[in-house]
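Student: coordinates only, sequence not included:
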């Protein structure tokens, strides 16, 4: 047995760690079951409410986004999602994004259908190959629900998608710079480490290049990033659940 | 969603591997518990099926490495102190194994992954490339560099 194997062999999962994890999963399952019971009457109410809203000209409720998902590789695309989970707007924030949107219709389907349609598209796939970095950034009242679904999707796992949250003020600032809020959040993170970087530099960089710059800064032990802007404009969703 | 039976099996089969991957990446037991919960939660919610146990094991390795990376990015400002995690395992180690692990933990992250997957789990370079989503040639390069670094620090008798 080699020394590395012998040394690592001594590191084992304790019974306590296993039992704590099983207990956690059990609690999550119970919570999920309870939530299902609670939501059943809510669905009925929601359906009745929807009919009522439609009768009052509720079309505007359908069209109004309540959450946003920024999907960035090099193409930067923002989806607006209404309270029924349907994509009601799809905007491109760079040339590559416009090219993709011309070919891939993303509106009036659920956001997960839209994301899967995008990630399965051949043209879009070309951006993900060759070390492309896929980043989802979410603005929502309950971003964890959307992030959980995005992280659990097979395509997101395949491409090791990174997930973050952000907020509306960050989105507003991003749009002033004609940038998606997902890419802008990453720019702010990089600027936390490297004050010399400008928004113009970032316009011409892919998410992979931005991530490499951040990694280079963190490996060099530079301080900054994370809290300076991350606290205000979003934070990394570390758990993916 | 996976059944309790499947989860229990996966806990017995892969918990040690998940723990070791956490050990070579993370800073303390709290982070390890966080990643454990995250990985097994993903498994519980995983809708797809696995072609074989090997496929399932490789899935666990990949998801654990990614969960560790996520956590490290989240806490990127925290200082990485390998001696802390070794101190937590002190009782299980002797002088030699402690020295070996200290050297392994001081390697750059990508080398730690390949060293663990190659020397401990016995994966081939092609299989490691699949798990890490990298080219096989890249894995060979990392392995060669990691071996050189280990040889410099530990001499020629570790392999």
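Tutor: Okay, I see it. As the structure is a prediction and not an experimental result, all values here were calculated from the model.

Student: just the helices in chain A please.
Tutor: For chain A, helices defined by DSSP state H occupy the ranges A:3-9, A:15-55, A:59-63, A:95-103, A:111-119, A:122-128, A:143-152, A:154-158, A:168-176, A:181-193, A:199-203, A:207-219, A:226-233.

Student: My error: substitute chain B in the last question.
Tutor: Counting by DSSP H, the helices of chain B are B:4-25, B:29-45, B:53-74, B:82-88, B:95-105, B:109-115, B:125-132, B:136-154.

Student: So the last one, near chain A or not?
Tutor: In other words, helix B:136-154. Yes - taking CB under 8 Å from any CB of the partner chain as the criterion, helix B:136-154 and chain A are in contact, through B:150, B:154. (Glycine included, C-beta is placed from N, CA and C.)

Student: Only the buried residues of that helix, if you could.
Tutor: The neighbour-count criterion (16 or more other CB atoms under 10 Å in any protein chain shown) identifies B:139, B:142-143, B:146-147, B:149-150, B:154 as the buried residues of helix B:136-154.

Student: Switch those residues over to TSV; also include pLDDT.
Tutor: Compiled in TSV, the buried residues of helix B:136-154 are given as follows (pLDDT from 0 to 100):
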residue	pLDDT
B:139	95
B:142	95
B:143	94
B:146	93
B:147	91
B:149	91
B:150	91
B:154	86
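
Student: quick revisit: tell me the most buried of the helices of chain A?
Tutor: helix A:181-193 (a mean of 25; mean count of other CB atoms under 10 Å in any protein chain shown).

Student: Spatially nearest residue to residue A:24 (excluding sequence neighbours)?
Tutor: Taking CB to CB, 6 or more residues apart in numbering or on different chains, and ignoring the residues beside it in sequence, residue A:24 has residue B:37 as its nearest neighbour in space, at 4.9 Å.

Student: Show the contacting residues for that neighbour.
Tutor: Applying CB atoms under 8 Å, 6 or more residues apart in numbering or on different chains, one finds that residue B:37 lies in contact with A:20-21, A:24-25, A:239.

Student: and if we set it to 10 Å?
Tutor: The contact partners of residue B:37, by CB atoms under 10 Å, 6 or more residues apart in numbering or on different chains, come to A:17, A:20-25, A:28, A:239, A:241, B:67.

Student: cool, and residue A:24?
Tutor: Counting by CB under 10 Å, 6+ apart, the residues that residue A:24 touches are B:33, B:36-38, B:40-41.

Student: Pass me the low-pLDDT residue ranges in chain B, would you?
Tutor: Under the criterion of pLDDT under 70, the regions of chain B flagged as low confidence span B:74-84, B:157-158.

Student: And it, what are its domain boundaries?
Tutor: The record's domain split for chain B, according to automatic domain parsing, is B:1-80, B:92-159.

Student: Residue B:50 against residue B:9, yeah?
Tutor: No - the pair residue B:50 and residue B:9 does not pass the contact test of CB atoms under 10 Å, sitting 11.6 Å apart.

Student: Not counting its neighbours along the chain, what's nearest residue B:59?
Tutor: For residue B:59, the nearest residue in space outside its immediate sequence neighbours is residue B:50; the separation is 6.5 Å by CB to CB, 6+ apart.

Student: can you tell me which residues contact the one you found?
Tutor: Residues touching residue B:50, when contacts are defined by CB under 10 Å, 6+ apart, comprise B:56-60.

Student: Phi first, then psi, for it.
Tutor: The main-chain torsion angles of residue B:50 are listed as degrees, to the nearest 10 and equal phi -100, psi 140.

Student: which residue is nearest the centroid of chain A?
Tutor: To find the centre residue of chain A, average its C-alpha atoms and take the closest one (CA atoms, centre = their mean): that gives residue A:136, at 2.7 Å.

Student: Report the separation between that residue and chain B.
Tutor: Residue A:136 sits 13 Å away from chain B, going by CB to the nearest CB, to the nearest Å.

Student: Looking at neighbours, which among the contacts of residue A:24 is most surrounded?
Tutor: Across these, the neighbour count under other CB atoms under 10 Å in any protein chain shown reaches its highest value at residue B:40, namely 26 neighbours.

Student: near chain B at all, stretch A:139-149?
Tutor: Yes - Stretch A:139-149 comes into contact with chain B (CB under 10 Å from any CB of the partner chain), by way of A:148-149.

Student: For the residue nearest to residue A:63 when sequence neighbours are not counted, give me the pLDDT.
Tutor: Leaving aside its sequence neighbours, residue A:63 sits nearest to residue A:88 (CB to CB, 6+ apart; 5.3 Å). Reported pLDDT at residue A:88 in the predicted model: 89.
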